[in-house]
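Undergrad: Need coordinates for the following:
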Amino acid sequence: MLCERCQEKTASVHVTKIVNGKKTELNLCQECARELQPQLNFSIPKFLAGLFDYGTDFDVTEPQVCERCKECGMTYEEFQQTGRLGCAECYRYLASRLNPLIKRIHGSQEHRGKVPKRAGGNLRIRREVERLRVQLKQLVEHEEFEKAAEVRDRIRELERYLGN
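TA: Below you'll find the predicted structure:
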């Protein structure tokens, strides 16, 4: 697809704007997007900053605690500026500030994505057991004991396979 502005280069930036319920789409190359950025009223740093500050109601009279990773020394404020953490331990030391952000962006604080077939066999089975336990609880609550017994047996079978 060609850039809708210059009609020369391949469009790699796709802008969708919705104003008063009216949707307009614009496909631009990198250069045209850079030139039009002030008119588009969008910047990645402002977008990320909005995510970081969303829903944080801090009392102005209460001093902010400067949390710092004990491994690399990174603060949450540094993370806000760069958008990157300093090390894997930052997740633990900055958890009180990062967890709400992660939950807001991903919908959960736990990874629920795909698992590679070769590497994630046991993880997939554990997730299946978790899902079956929830189903078992619902079946018992609805007094569907025959189905519950089948689900219970399936859970036992999977747990034997896992070695539990």
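Undergrad: now the strands for the protein?
TA: Under the criterion DSSP state E, strands of the chain are mapped to 13-19, 22-28.
Undergrad: Tell me which residue lies farthest from the centre of this protein.
TA: Glu146 (38.5 Å; C-alpha atoms, centre = their mean).
Undergrad: Pick the most buried one from the strands of the chain.
TA: strand 22-28 (a mean of 13; mean count of other C-beta atoms under 10 Å). For glycine as for every other residue, the C-beta is placed from the backbone atoms N, C-alpha and C.
Undergrad: Return the member of the strands of the chain having the minimum mean pLDDT.
TA: Ranked by mean pLDDT, those end with strand 13-19 at the bottom, a mean of 78.
Undergrad: Out of the strands of the chain, flag the one nearest Leu94.
TA: When these are compared by C-beta to C-beta, strand 13-19 sits nearest Leu94, at 32.0 Å.
Undergrad: thinking again about what came up before, as a markdown table, the strands of the chain with distance to Cys72 would be great.
TA: Output for the strands of the chain, formatted as a markdown table (distance: least, C-beta to C-beta, whole Å):
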| stretch | distance to Cys72 |
| --- | --- |
| strand 13-19 | 34 |
| strand 22-28 | 38 |
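Undergrad: Determine which of the ones you listed approaches Val140 most closely.
TA: Comparing the strands of the chain by their distance to Val140 (C-beta to C-beta), the top pick is strand 13-19, with 45.9 Å.
Undergrad: Against which helices or strands is that closest one packed?
TA: strand 22-28, helix 30-40 (3 or more C-beta pairs under 8 Å, 6 or more residues apart in numbering; DSSP states H and E).
Undergrad: For Cys69, find the nearest of these.
TA: Nearest of those (C-beta to C-beta): helix 30-40, 33.2 Å.
Undergrad: and the closest one, how far out from the chain's middle?
TA: Helix 30-40 has its C-alpha centroid displaced from the chain centroid by 27 Å (C-alpha atoms, centre = their mean, to the nearest Å).
Undergrad: got a pLDDT number for Gln135?
TA: pLDDT, Gln135: 95.
Undergrad: what separates it from Val129, distance-wise?
TA: Distance, Gln135 to Val129, using C-beta to C-beta, to the nearest Å: 11 Å.
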